[in-house]
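> Fold the following for me, if possible:
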Amino acid sequence: MRAEIIVVDNNSTDGSMAYLKPKFANVNFLENKENCGFAKACNQGLNIATGNYILFLNPDTIVPEDCFEKCIQFFTQHADAGALGIRMIDGSGKFLKESKRAFPSPLTSLYKLFGFAKLFPKSKTFSQYHLGHLAQDKANEIDVLAGAFMMIRKEVLDKTGGFDERFFMYGEDVDLSYRIQKSGYKNYYFPDSSIIHFKGESTRKGSMNYVRMFYNAMSVFVKKHYSGGRAGAFNLLIHAGIWLRAIFSATGHFIRRIGLPLIDAVLILLSFLLTKWIWGEWIRPETSFEERLIWIAFPSYTLLYLTAAYYAGLYDRSYKQSGLARSMLFAIIILLAAYSLLPENLRFSRGILLFGSILAFLLITVLRWILIQTGALTELSNNEDSSNILIVGSEEEYAKCSAIIIQAGLKEKILGRVAVSESDTTSMGHFKDLMQLSTTLPFKELIICEGNLTYKDIINIIPAIAKNIKVKLYSSGSNSIVGSDSKDSSGEAVSKENGYNIAHPYYQRMKRLIDVMVSFIGLITFPIQFIIVKKPISFFSNCLSVLSMKKTWIGYISNDKSLPNLRKGVLGCNGTIINTMNFFQTENLKRVDYWYAKEYKPMIDIGLIFKKYRRLGG
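Got it, this is the predicted structure:
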């Protein structure tokens, strides 16, 4: 079809424009020097658009090949249609309720805020916000179109104008939908084609930034279009929503980052004390324990237990039961080993330590279950952990896709290939038999290649795939594999650029442990450093900066934003003082940093620190 593509870049920092421009000569790219917001960026594209129909489309979407023709055909058959939105699914095939919405009102917001919409998802009254009473497979007139996909007649936009730039992000689609209706046109929900909207890419839904931006946008909308007591009541609800979500968000953040280890510490200490009481009352009543020794030993054991569990992965971002069991087993072994090294007069009972540790494991397991049920903690499902991969595609697509996976360091995960052609007998099966294959092959992740299969085929396949199977997509001609399991979280990308060891939680913990140990040893032996280190005062300052997490001993030597984040280094990853690296070419510096991040091992830092120890003062 005759169409133009306009891409507006809102000051991205990952080299998008330099990467995309040579590949897409027919696309009109607009580059902003600052992030001016979704509404203003869309208007920039609208100002130079020449088509009869304008489509505002999010970048985190995948559109089937016949989508636009079907949408335009709907417009020609419905003269009253000023704009339409489409049926959207997330990366796991789940229908996105925001595909069809009503205008916000005090009552609909109240029902949503207090959970009635979730309790009665099909109710015309309680689920009015997402029009739950309307079937998702039938076209209907609706109020609000989602900004992720808004197709609008150009003549309508000439009357209404584009997005209101007072909305930085969120709410601008509600406002434009409202103005389209006020101009005498209808907004339609169109279900005869579906797109994938990965979501979660602009702002994490659980974050305070999302809460603030979303509710502030609603407040702008209310002040603009409502008046009198209705506006006052609505704004009251909006601010109540902001405070409630803020409290939930702050509580969850505290528990995940600070409160969880403190709560665990209390549970572990209580477990030791309870076990000691049971031991003294029922198992060894003839044994007496010195209270002073216990009140020194138990807190010490608790601290050691938590430290060992931390470095075994207990406090990674997401929780998994097997991870907890592994962490607790590691902590118990370390605890018992440390106990065996104590002098005889400081020991009191291995049994109390062992059974106290087991009780602590049980109590922490119950605590994690409660936090998951209340939403304060995210559980890592089996398919999010290391898993076996099946690739759906031709032999050529399989080879290209495998190359990307191998470059990302995931070679051992590939189980094999599923064919797209029924005449292909060299594969493990056919994609139409995926459900049957999932019961016989131990795969948890599926990569579907676009090429022999169309996007339309893939979008139709995904909802039928078992929910415990993670799905990613590889597009013909691209160099990456993308996917997202949830509308509430950022998606994943696999490419030759992102197989970084240093991004793994284990290596992050080890790097931090090295930083802390070197700093601690440097501080307690500080008088000796006057002899060893060239600039001892600067070395002392660096030790404090590293301990306070302002610096790391070994860091990057370039300013490449595409690499996993590290604190500023005292030394560069090639062992050179960072401030002396300016004479090297930028690309050479980036290449050194790239290989450091990709192939990182703790011994790299240890070796550099040992070799360049005299220069740790700068």
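
> Assess the claim that residue 388 and residue 443 are in contact.
Yes. Using C-beta atoms under 8 Å, residue 388 is in contact with residue 443, at 4.6 Å. Yep, even glycine has a C-beta here, placed from its N, CA and C like the rest.

> So for the two, which residue has more residues nearby?
Using other C-beta atoms under 10 Å, the more surrounded residue of residue 388 and residue 443 is residue 443, with 23 against 14.

> How far off centre is stretch 343-353?
A distance of 45 Å separates the centroid of the chain from that of stretch 343-353, by C-alpha atoms, centre = their mean, to the nearest Å.

> Quick one: mean pLDDT for the longest strand along the chain?
Longest strand in the chain by number of residues, with DSSP state E as the criterion: strand 186-197. For strand 186-197, the mean pLDDT works out to 96.

> Show me the common contact partners of residue 388 and residue 443, please.
Residues touching both residue 388 and residue 443 by C-beta atoms under 8 Å, 6 or more residues apart in numbering: residue 415.

> how about the longest strand of the chain: buried residues?
Neighbour counts over strand 186-197 (16 or more other C-beta atoms under 10 Å) mark 186-191, 193-197 as buried.

> Also stretch 69-79?
Buried positions in stretch 69-79, judged by neighbour count with 16+ other C-beta under 10 Å: 71-72, 74-75.

> just checking, residue 272 touches residue 349?
No. The criterion here is C-beta under 8 Å, and residue 272 misses it with residue 349 at 10.3 Å.

> Who has more neighbours out of these two?
Counted by other C-beta under 10 Å, residue 272 and residue 349 do not tie: residue 272 has more neighbours, with 23 against 18.

> Against residue 97, how distant is the more buried one?
For residue 272, the distance to residue 97 (C-beta to C-beta, to the nearest Å) stands at 48 Å.

> Same check on residue 463?
Distance of residue 463 to residue 97, given as C-beta to C-beta: 15 Å.

> Among these two, which residue is more densely surrounded?
Neighbours were counted for residue 463 and for residue 97 using other C-beta under 10 Å; residue 97 has more, 18 against 13.

> Would you confirm that that one contacts residue 134?
No. Using C-beta under 8 Å, residue 97 is not in contact with residue 134, being 10.7 Å away.

> ok, residue 126 - contacts?
By C-beta under 8 Å, 6+ apart, the neighbours of residue 126 are 111, 116-117, 119-120.

> gap between it and residue 169?
Distance, residue 126 to residue 169, using C-beta to C-beta: 28 Å.

> Widest-spaced pair of the buried residues of strand 186-197?
Spanning the widest gap among those are 186 and 196, at 26.1 Å by C-beta to C-beta.

> Could you export the buried residues of strand 186-197 as CSV, including distance to residue 322?
As requested, the buried residues of strand 186-197 are exported to CSV (distance: C-beta to C-beta, whole Å):
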residue, distance to residue 322
186, 53
187, 48
188, 48
189, 43
190, 44
191, 41
193, 41
194, 36
195, 36
196, 31
197, 32
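
> For the residue of the chain positioned farthest from its centre, which three-state class applies?
Most distant residue from the mean C-alpha position of the chain: residue 286, 55.2 Å away (C-alpha atoms, centre = their mean). What DSSP: H, G, I helix; E, B strand; the rest coil gives for residue 286 is coil.

> before we move on, what about residue 112?
With three-state DSSP as the basis, residue 112 sits in helix.

> If I look at residue 475, what pLDDT would I see?
With respect to pLDDT, residue 475 scores 91.

> Please name the nearest non-neighbouring residue to residue 325.
Leaving aside its sequence neighbours, residue 325 sits nearest to residue 361 (C-beta to C-beta, 6 or more residues apart in numbering; 7.4 Å).

> mind listing what that neighbour touches?
Each residue near residue 361 by C-beta under 8 Å, 6+ apart is listed here: 324-325, 328.

> Save those residues as TSV, and put in neighbour count too.
Shown next, in TSV, are the contacts of residue 361 (neighbours: other C-beta atoms under 10 Å):
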residue	neighbour count
324	18
325	12
328	23
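
> nearest to residue 89, of the residues you listed?
residue 324 (32.9 Å).

> Can you report phi and psi for the residue farthest from the centre of the chain?
phi -80, psi -10 (degrees, to the nearest 10).

> Now do it against residue 350, distance only.
17 Å.

> Can you pull out the low-pLDDT segments for the stretch 251-400 of the chain?
251-258, 292-293, 316-320, 345-346, 348, 374-387 (pLDDT under 70).

> Do a quick rundown of the strands in it.
Ranges of strands in the stretch 251-400 of the chain, per DSSP state E, counting those that start in this stretch, are 389-392.

> Can you show me the helices along it?
For the stretch 251-400 of the chain, applying DSSP state H, counting those that start in this stretch gives helices covering 260-278, 291-311, 321-340, 350-373, 395-407.

> possible to save these as TSV with distance to residue 20?
Below are the helices of the stretch 251-400 of the chain laid out as TSV (distance: least, C-beta to C-beta, whole Å):
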stretch	distance to residue 20
helix 260-278	41
helix 291-311	41
helix 321-340	38
helix 350-373	40
helix 395-407	18
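
> do you know which of those lies nearest residue 16?
helix 395-407 (18.6 Å).

> mind exporting the one helix or strand residue 481 maps to as CSV, just the C-alpha atoms?
If you go by DSSP states H and E, residue 481 is part of strand 480-483. Output of strand 480-483 as CSV, limited to C-alpha atoms (Å, rounded to 0.1, in the frame of the first residue of the first chain):
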residue,chain,number,x,y,z
SER,A,480,17.8,-9.8,17.9
ILE,A,481,15.1,-11.9,19.6
VAL,A,482,12.5,-10.1,21.6
GLY,A,483,9.7,-11.1,24.0
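
> going forward can the numbers begin at 415, since that is how I track them
Shifting the count to begin at 415 puts that one at strand 894-897.

> Which neighbours in the sheet does it have, and how are they oriented?
Strand pairing for strand 894-897, determined by DSSP bridges: strand 884-889 (antiparallel), strand 906-909 (antiparallel).
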